[in-house]
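*Asks:* show me how the following folds:
(one chain, ligands or ions: 1)
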Amino acid sequence: MFTLQGKTALVTGSTSGIGLGIAQALAQAGANIVLNGFGDIDAALASITATGAQAIHHPADMRRPDEIAAMFTLAQERFGGVDIVVNNAGIQHVAPVEDFPVEKWDDILAINLSSAFHTTRLALPGMRASNWGRIVNIASVHGLVGSAGKSAYVAAKHGLVGLTKVTALEAAGTGVTCNAICPGFVLTPLVAAQIDAIAQREGITTEAAQARLLADKQPSGQFVTPEQLGNLVLMLCSPMGDQVRGAAWAMDGGWTAQ
Ligand code: NAD
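*Replies:* Numbers count the residues shown, from 1 in each chain. Predicted coordinates:
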């Protein structure tokens, strides 16, 4: 039976949405969990420890390299290192390029892209030493295609897919793999904000706005779920994933098949 018992997984931005779903899946497989992010930290921790896994939280702001380093120091002290890194923290802002707030551009690039560079450079030495590791970058369909109004997000996610390929190549002769997952729409707080904006702009109900969002992009007409993404991460962490390297794996209801 596949188990992650004895392994430690650090999931950035894991207090809600996709990150929390992935942390729960890794905990159910037996991994110790390092949670990160803002919001209801106690509820997130409780949902992990309910599986029997050990969990800690570090409040690193993923815009800040010094705080990211402090999170790795805590993981080292508490669990002896990090075997699995899931780079999931991310934010969104929608505006045309010429109106895009400069500070939002900087934040999106820092959180959605540069933070993964920092966690990767900090995690790799330990992973190389044990000749086993998994780095999973939660990119997006927007790492593969563009959408109007999302310049910073699309640039950051394309960059994250690029970082994934280079990391996978540099670690190719070892037991360390690096892959990206490219989800379509998942109904989380990040997407709920976009649905609310559509409902308000068009004077329609939340349900109608959800249906509009999916009909525009996602042929299945259904949201991807955090549980489905958690299971894909487990596959990448299992022996089945040993030779999956540098992939940008879409789970998008057919979005990028169009
Ligand atoms: P979410 O808003 O539910 O969760 C984001 C998480 O990141 C939260 O835990 C939040 O506290 C944390 N976070 C935000 N800013 C942070 C910072 N500066 N430092 C540390 N943590 C911070 O969003 P989500 O939809 O679950 O998104 C998670 C990831 O999945 C993001 O990278 C997003 O781009 C990606 N994604 C989401 C969708 C979707 O449809 N929801 C689709 C494709 C990709």
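*Asks:* so residue 124: helix, strand or coil?
*Replies:* Secondary structure for residue 124, judged by DSSP: H, G, I helix; E, B strand; the rest coil, is helix.
*Asks:* distance check, it against the ligand.
*Replies:* Distance check for residue 124 against the ligand: by C-beta to the nearest ligand atom, to the nearest Å, it reads 21 Å. For the C-beta atoms, the positions are set from N, CA and C on the backbone; glycine is no exception.
*Asks:* burial check on that residue, number of neighbours?
*Replies:* In terms of burial, residue 124 registers 19 neighbours under the definition other C-beta atoms under 10 Å.
*Asks:* ok now do it, which residues does it touch?
*Replies:* Residues near residue 124 by C-beta atoms under 8 Å, 6 or more residues apart in numbering: 133, 167, 171, 176.
*Asks:* from those residues, pick the one nearest the ligand.
*Replies:* residue 167 (16.9 Å; C-beta to the nearest ligand atom).
*Asks:* quick one: residue 23 from the ligand, how far?
*Replies:* If you go by C-beta to the nearest ligand atom, the gap between residue 23 and the ligand works out to 10 Å.
*Asks:* and what of residue 144?
*Replies:* In this view, residue 144 and the ligand are 11 Å apart by C-beta to the nearest ligand atom.
*Asks:* wait, isn't that residue in contact with residue 248?
*Replies:* Yes - counting by C-beta atoms under 8 Å, residue 248 is a contact partner of residue 144 at 6.3 Å.
*Asks:* higher neighbour count, these two?
*Replies:* The residue with more neighbours, out of residue 144 and residue 248 and counting by other C-beta under 10 Å, is residue 248; that gives 22 against 18.
*Asks:* can you pull the contacts of the more buried one?
*Replies:* Residue 248 sits next to 139, 143, 144, 161, 164, 179, 180, 182 when contact means C-beta under 8 Å, 6+ apart.
*Asks:* after whichever strand or helix holds residue 157, which helix or strand is next?
*Replies:* With elements delineated by DSSP states H and E, residue 157 resides in helix 151-170, which encompasses its position. Of the helices and strands lying after helix 151-170 in sequence (DSSP H and E), the nearest is strand 176-183.
*Asks:* could you give the mean pLDDT of that next one?
*Replies:* Model confidence over strand 176-183, given as mean pLDDT, is 99.
*Asks:* same check on stretch 202-222?
*Replies:* Averaging pLDDT along stretch 202-222 yields 94.
*Asks:* what does the protein put close to the ligand?
*Replies:* 13-19, 36-39, 61-63, 88-91, 111-112, 138, 140, 183, 185-186, 188-191 (C-beta under 6 Å from any ligand atom).
*Asks:* list buried residues within those.
*Replies:* Neighbour-count burial (16 or more other C-beta atoms under 10 Å) applied to the residues of the chain next to the ligand gives 13-19, 36-37, 62-63, 88-91, 111-112, 138, 140, 183, 185-186, 188, 190-191.
*Asks:* helix/strand/coil for the residue lying closest to residue 237 once chain neighbours are set aside?
*Replies:* What sits nearest to residue 237 in space, not counting adjacent residues and going by C-beta to C-beta, 6 or more residues apart in numbering, is residue 134, at 4.9 Å. Counting by three-state DSSP, the backbone at residue 134 sits in strand.
*Asks:* give the bridge partners for residue 134, please.
*Replies:* residue 84, residue 177 (DSSP bridges).
*Asks:* report the outermost residue of the protein with respect to its centre.
*Replies:* Here the chain reaches farthest from its C-alpha mean at residue 203, the gap being 32.2 Å by C-alpha atoms, centre = their mean.
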